[in-house]
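[1] Just the structure for this:
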Amino acid sequence: MRFLVIFCLLLAIITTVVGEHLIMGDTNSNRQLIHHTMAQYHAIPMMKRVKNVFYNNQEQRIIGSIMAYDNLNSKASATVTAGGIGFSYVNIRLKSERGKGLDYDIGIYS
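    Next up is the predicted model:
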């Protein structure tokens, strides 16, 4: 029982430190990368940076997974606001901490 409590506490600490990555869909290694972009925006003092990243597949390929990694390991957030898994388009909303910049590595897979 003691081991379980320590393990859960350690897992909670690791999860808090990791940051806010967005991982949706089947993320196995057999997925084909159909779009990759870096979203980097500088900090503005006392302001939150909010940016939208749009992707529309002209070939109508269905999106199977989306991965957005926070390279700064900040408390920024990434959310899908339109489309996504099962669609041929996606809109990802990136929102930074107050006074911090954004640095996301975004990969979209079929």
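
[2] where in this protein is pLDDT low?
    1-19 (pLDDT under 70).

[3] And the strands in the protein, which stretches?
    Listed in chain order, the strands of the chain (DSSP state E) span 22-25, 33-41, 50-56, 65-70, 77-83, 89-95, 102-109.

[4] Dump these to a markdown table, plus mean neighbour count.
    Any C-beta I mention is one placed from the backbone N, CA and C, and that applies to glycine too. Formatted as a markdown table, the strands of the chain follow (neighbours: other C-beta atoms under 10 Å):
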| stretch | mean neighbour count |
| --- | --- |
| strand 22-25 | 16 |
| strand 33-41 | 14 |
| strand 50-56 | 13 |
| strand 65-70 | 20 |
| strand 77-83 | 16 |
| strand 89-95 | 18 |
| strand 102-109 | 20 |
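
[5] any idea how far Tyr104 is from Arg49?
    For Arg49, the distance to Tyr104 equals 11 Å [C-beta to C-beta, to the nearest Å].

[6] so what sits against both of the two?
    Common contact partners of Arg49 and Tyr104 (C-beta atoms under 8 Å, 6 or more residues apart in numbering): Leu94.

[7] what sits opposite Asn56 in the beta ladder?
    Beta bridges link Asn56 to Tyr89 when assigned by DSSP bridges.
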